[in-house]
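Enquirer: Fold the stuff below for me.
(one chain, ligands or ions: 2)
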Amino acid sequence: MEGKLVLVTGGAGFIGTHTVVQLLKEGFRVSIIDNFDNSVEEALDRVKEVVGWGLFFLQVDLRNKDDLEKVFAKSKFDGVIHFAGRKAVGESVEYPRRYFDNNLIGTINLYEVMAKYNCKKMVFSSSSTVYGQPEKIPCVEDTELKAMNPYGRTKLFLEEIARDISQAESDWQIILLRYFNPVAAHESGKIGEDPKGIPNNLMPYIQQVAVGRLPELNVYGHDYPTRDGTAIRDYIHVMDLADGHIAALKKLFTPDFKGCVPYNLGTGRGTSVLEMVAAFEKASGKKIPMKLCPRRAGDATAVYAAVDKAAKELGWKYVLLTS
Ligand SMILES: NC(=O)c1ccc[n+]([C@@H]2O[C@H](COP(=O)([O-])OP(=O)(O)OC[C@H]3O[C@@H](n4cnc5c(N)ncnc54)[C@H](O)[C@@H]3O)[C@@H](O)[C@H]2O)c1
Ligand SMILES: O=c1ccn([C@@H]2O[C@H](COP(=O)(O)OP(=O)(O)O[C@H]3O[C@H](CO)[C@@H](O)[C@H](O)[C@H]3O)[C@@H](O)[C@H]2O)c(=O)[nH]1
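Expert: Ligands and ions are numbered 1, 2, ... in the order given. Below is the predicted model:
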């Protein structure tokens, strides 16, 4: 893989920064584009500090196809890891057009420009959200897919688009990585999850309560049919997730890989909201004040991964524990 040039969209974000560190460690060359919609340029300076050398970065919005073309005209990419997009379930219920505009138009532009420049290997950030509230857990990759909210619908549409493209044009190789819930940070402490504004996700919200930036955690839903009444998710360490991208890229570069294939990246273990809070309190020694609130629109009750397919076909498995 030494020297292959990878374009990383959304590379200044949470999963992007951690993956870029691992890509560089593995000997890939990396170019990053981001519009800083949900990140800051400083995140890239921090990546530079971790890896010890410079990065190639351009501020580009994927919805601007002309700008995107300029990026592809300058460099010949061997593949793309596509993180860029909006990701908050609750926000998507309130502002669905934001999600259709950013996630769908941005990705359609990317496919068009990739095709024009004959770059046809893509690792796409999908999500466990495409399982909706699955009838059976753990979720297996060939389970029926359904979205429960507009964000999830964009991921589902984008998976369908990827499948259609690869079916019609056999020279595309696409891996859909269905992430479960990434948490934690690089061991250096220099990069991590730093969303703009009030966090939507559980872990960064707990962290901001812990440091006194927010007064208390709102626990959304305490009447779910689960062991303690709160919703269950599969929390995975972001460095494990980053390594899942390396495994996926390596798979794309093997001559036998064909078509468009989905893989779950999770741990296979479900943890409730209250269990996450207890684990955080134990690890940090800080008390997290909580308020029990009604359920959040668009949320599933319990979702966790079957992880055998990624282990068998990508040779990837989580190694770091999160709770
Ligand atoms: N974090 C999670 O819980 C999670 C779980 C499953 C899937 N995902 C998906 O993984 C991807 C990365 O997630 P993340 O947690 O790193 O999110 P993030 O918000 O930290 O990173 C996304 C990055 O994309 C950039 N971006 C957004 N729209 C853009 C556009 N139009 N053009 C250029 N850049 C743009 C943002 O500025 C940000 O830096 C997203 O597609 C998300 O939907 C995330
Ligand atoms: O302040 C908060 C935030 C979250 N939750 C609950 O915590 C659980 C996890 O929520 P969150 O961290 O927002 O994750 P998800 O809603 O599962 O969505 C995340 O994980 C999905 C993959 O599973 C991704 O697709 C999404 O982009 C990402 O936001 C849910 O039950 C929430 O209701 C709270 O109780 N209080």
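Enquirer: Go ahead and confirm Tyr179 touches Val238.
Expert: No: between Tyr179 and Val238 there is no contact under C-beta atoms under 8 Å: 9.5 Å. For glycine as for every other residue, the C-beta is placed from the backbone atoms N, C-alpha and C.
Enquirer: joint contacts of those two?
Expert: Ile15 (C-beta atoms under 8 Å, 6 or more residues apart in numbering).
Enquirer: Let's see the pLDDT reported for Leu321.
Expert: In this model, Leu321 is scored at 62, pLDDT.
Enquirer: and the closest residue to ligand 1 within the stretch 1-150 of the chain, how many neighbours?
Expert: Here the stretch 1-150 of the chain gets closest to ligand 1 at one residue, Gly13, 1.9 Å apart by C-beta to the nearest ligand atom. By other C-beta atoms under 10 Å, 25 other residues sit near Gly13.
Enquirer: if I read this right, it contacts Gly85, doesn't it?
Expert: No: judged on C-beta under 8 Å, Gly13 makes no contact with Gly85 at a distance of 9.1 Å.
Enquirer: what does the stretch 1-150 of the chain put close to ligand 1?
Expert: Residues of the stretch 1-150 of the chain lying close to ligand 1 (C-beta under 6 Å from any ligand atom) are 9-10, 12-16, 34-39, 61-63, 83-85, 87, 102, 106, 125, 127.
Enquirer: quick one: least confident helix or strand in the chain?
Expert: Using mean pLDDT, DSSP states H and E, helix 89-94 stands out as the lowest-scoring helix or strand of the chain, at a mean of 89.
Enquirer: ok, the closest residue to Ile105 other than its chain neighbours to Arg98 distance?
Expert: Excluding the flanking residues, the one nearest Ile105 by C-beta to C-beta, 6 or more residues apart in numbering is Arg63, at 5.2 Å. As judged by C-beta to C-beta, to the nearest Å, Arg63 and Arg98 stand 11 Å apart.
Enquirer: And for His237?
Expert: The gap separating His237 from Arg98 is 29 Å, by C-beta to C-beta.
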